[in-house]
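1. One predicted model, sequence on top.
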Amino acid sequence: MSNIQPAQLEWAQDWLKEVKSLYIGGEWVEGGGSLLSSINPANGQELGKFRGANEENVNQAVAAAHGAFEVGEWKTMSRRERGRTMWKIAACIREHHAELATLESLDNGKLYKEAYLDDVTEAAELFEYYGGWVDKFYGEVSPVEGNFTSFTTKDPIGVCGQIVPWNFPIVMGVWKLAPALAMGNTIVFKPSSATSYSIIRLFEIIHDSGLLPKGTINLILGEGRIGSYITRHMGVDKVSFTGSTGVGKQLVHDSADSNLKPVTLELGGKSPNIIFADAPNMDAAIERSFYGLFTHKGEKCSAPTRLFVERPVYERVVGKLAEYADAYKLGDPFDVNSDQGPQVSRAHMESILGYIQKGVQQGARIAAGGYRDTEGNNEQGYYVRPTILADVTNDMIVAQEEIFGPVLVVIPFDTEEEAVRLANDSIYGLAAGLWTNDVARAHRVANKLDAGQVFVNRYGCYDYASPFGGFKQSGWGKEYAIHSLSSYTKTKAIWIAH
Ligand SMILES: NC(=O)C1=CN([C@@H]2O[C@H](COP(=O)(O)OP(=O)(O)OC[C@H]3O[C@@H](n4cnc5c(N)ncnc54)[C@H](OP(=O)(O)O)[C@@H]3O)[C@@H](O)[C@H]2O)C=CC1
Ligand SMILES: CCCCCC/C=C/C(=O)O
């Protein structure tokens, strides 16, 4: 953690004075859209301004990506060379590791140590991981009847539109960029207007490296409506989106109203986490359940936000969770002693506080937190105390709607059947957890939980070797592993008559 020294912050302040705008066809160009500003959520002060795109800029970016795809320098590069190029990009990210983490932390409010150790580290590793896949993902020979040889090829799709939210800007960006590039596609990318800086810097680093042919990656900045120029574009062949369920649904319409482009969606969540009284190590279950939600300030779609606790241990669990919450230190994201930084924006902080009020109005008991933290230097920032809401029922608003912040609802249950029924009683199905010492129950309950990831005796495992993605209104398709590669290719069957 010695990497973050004032020089990094000074570097960032200088960099923010002259932020570049759009990256189209291998050139930096000034956007024709609105002037946007970004706020440092730790103190409410403006970090900098940048110019967003207009529809014409989106058309230019799509044309550049299309041109690059047709020329085909990237997709026809030898696979091993493409893989090596991706490894070199990973090395460039590592070279600028501290800068990227600094921008992420300033812009989003996440702890610098989390941005450095988790987000930027994984961004570099993902380029390596998918660089390694380039010559290992291919078609198969099909055992067809008759005098034919039939085989499949895995072809790049073409121009991929990629749109990410503000909670994990760089890592979610690379979740999409790396597999799409590995398969030879070209890209038009849009980060959230709330947190564009780490992605702008990433594009700058890649541009300066000269590693990618012009037009292979293109960057569009701007508010949500600018994203819709991408998703409705007839020249975009695929869209990969991470964000809210509401916008995800709109994107399905956009696809249907334009060229029926395939859409992958990583959407919201309200993930259940069930602690049975026979959890193998109750203290560990409580601790991991706490940190599973409260790291990254609760702004995680897969966070275990609904905790179901078997009644005999309910009060013990609530009491221990409250102790953890009360001990949590909120403060400067660059202070290594801080446990939690500010929420991403004032509007988001107010939305979280509004949910807490709704919970109380419907009968929830505040066991910890429940208010904005304005202690000491936190006064100007958007800090919300880690909040434990006890005595919640699963039909309350706080148990059904995604709060996307440091708020945990704790719900008692009496039987396994009831726990599973309540856990699945949600429009979402992103992740789920359960804690038990009974192997048969672990299998039984894991099978019944309707979620894309189920964690047993642990919560929150993220590893790019294992697929990540939700069921129900949490989305379509998967990120990570071989699954991402599939979503950036089209499978063609070729038949040769003998
Ligand atoms: N399942 C998963 O893997 C994950 C899901 N999420 C979900 O993301 C949400 C939080 O992110 P949030 O940024 O608020 O989500 P939004 O859906 O509001 O925005 C996500 C991205 O889409 C852009 N956007 C907004 N409207 C449109 C539109 N009509 N057409 C195209 N693009 C649009 C946004 O731009 P702008 O921000 O500039 O408005 C942003 O870049 C939560 O619901 C969370 O659960 C988050 C992380 C992971
Ligand atoms: C940087 C490694 C951890 C990434 C976890 C991303 C999860 C995001 C979410 O659930 O929103």
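-> Nice, thanks for sending it over. Numbering: from 1, shown residues only. Ligands and ions are numbered 1, 2, ... in the order given.
2. Alongside ligand 1, which residues does the stretch 101-250 of the chain contribute?
-> Within the stretch 101-250 of the chain, the positions lying close to ligand 1 (CB under 6 Å from any ligand atom) are 163-167, 190, 192-194, 223-224, 227-228, 231, 242-244, 247, 250. Any C-beta I mention is one placed from the backbone N, CA and C, and that applies to glycine too.
3. Report the buried members of the residues you listed.
-> Among those, those buried by neighbour count (16 or more other CB atoms under 10 Å) are 163-167, 190, 192-194, 223, 227-228, 231, 242-244, 247, 250.
4. all strands of the stretch 251-400 of the chain, in order?
-> Here the stretch 251-400 of the chain has its strands, by DSSP state E, counting those that start in this stretch, at 263-266, 272-275, 306-310, 365-368, 387-390.
5. quick one: which of these is nearest residue 51?
-> strand 263-266 (28.1 Å; CB to CB).
6. Nearest spatial neighbour of residue 144, chain-adjacent residues omitted?
-> Using CB to CB, 6 or more residues apart in numbering and skipping residues adjacent in sequence, the residue nearest residue 144 is residue 150, 4.3 Å away.
7. Hmm, residue 498 and that neighbour touching each other?
-> No - with contact defined as CB atoms under 8 Å, residue 150 does not reach residue 498; the gap is 11.0 Å.
8. Which residue of these two possesses the greater neighbour count?
-> residue 150 (15 against 6; other CB atoms under 10 Å).
9. Which parts of the helix or strand harbouring that one count as buried, going by neighbours?
-> Remark: residue 150 resides in strand 148-156, with elements defined by DSSP states H and E. Using 16+ other CB under 10 Å as the test for burial, strand 148-156 gives 151, 154, 156.
10. Kindly report the same for stretch 328-344.
-> Quick answer for stretch 328-344 (16+ other CB under 10 Å): 328, 330-334, 338-344.
11. and what of stretch 480-487?
-> Under 16+ other CB under 10 Å, the buried positions of stretch 480-487 are 480-481, 483-487.
12. That stretch: how far from the chain's middle?
-> 15 Å (CA atoms, centre = their mean, to the nearest Å).
13. Quickly list the domain ranges of this protein.
-> Listed domain ranges for the chain are 9-267+474-497, 272-464 (source: automatic domain parsing).
14. ok, and does the first one reach over to ligand 2?
-> Yes - contact of domain 9-267+474-497 with ligand 2 (CB under 6 Å from any ligand atom) involves 118-119, 122, 167-168, 171.
15. and if you look at the last one?
-> Yes - residues of domain 272-464 are located near ligand 2 by CB under 6 Å from any ligand atom, namely 300-302, 462.
16. In those, find the pair that's most separated.
-> That would be 301 and 462, which, of the residues of domain 272-464 next to ligand 2, are the farthest apart (CB to CB) at 11.7 Å.
17. in the stretch 101-250 of the chain, which spans are helices?
-> Assigned by DSSP state H, counting those that start in this stretch, the helices in the stretch 101-250 of the chain fall at 112-114, 121-133, 169-182, 197-209, 224-231, 245-257.
18. Dump these to a markdown table, plus mean pLDDT.
-> Listed next are these as a markdown table, based on pLDDT from 0 to 100:
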| stretch | mean pLDDT |
| --- | --- |
| helix 112-114 | 95 |
| helix 121-133 | 98 |
| helix 169-182 | 98 |
| helix 197-209 | 98 |
| helix 224-231 | 98 |
| helix 245-257 | 98 |
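19. which of the ones you listed is buried the deepest?
-> helix 169-182 (a mean of 27; mean count of other CB atoms under 10 Å).
20. what's the angle from that one to strand 148-156?
-> With axes from the mean of the first three to the mean of the last three CA atoms, to 10 degrees defining the directions, helix 169-182 sits at 150 degrees from strand 148-156.
21. And helix 169-182, what does it pack against?
-> Helix 169-182 sits against helix 79-95, helix 97-108, helix 121-133, strand 159-163, strand 186-190, helix 197-209, strand 238-242, helix 481-487, with contacts defined as 3 or more CB pairs under 8 Å, 6 or more residues apart in numbering; DSSP states H and E.
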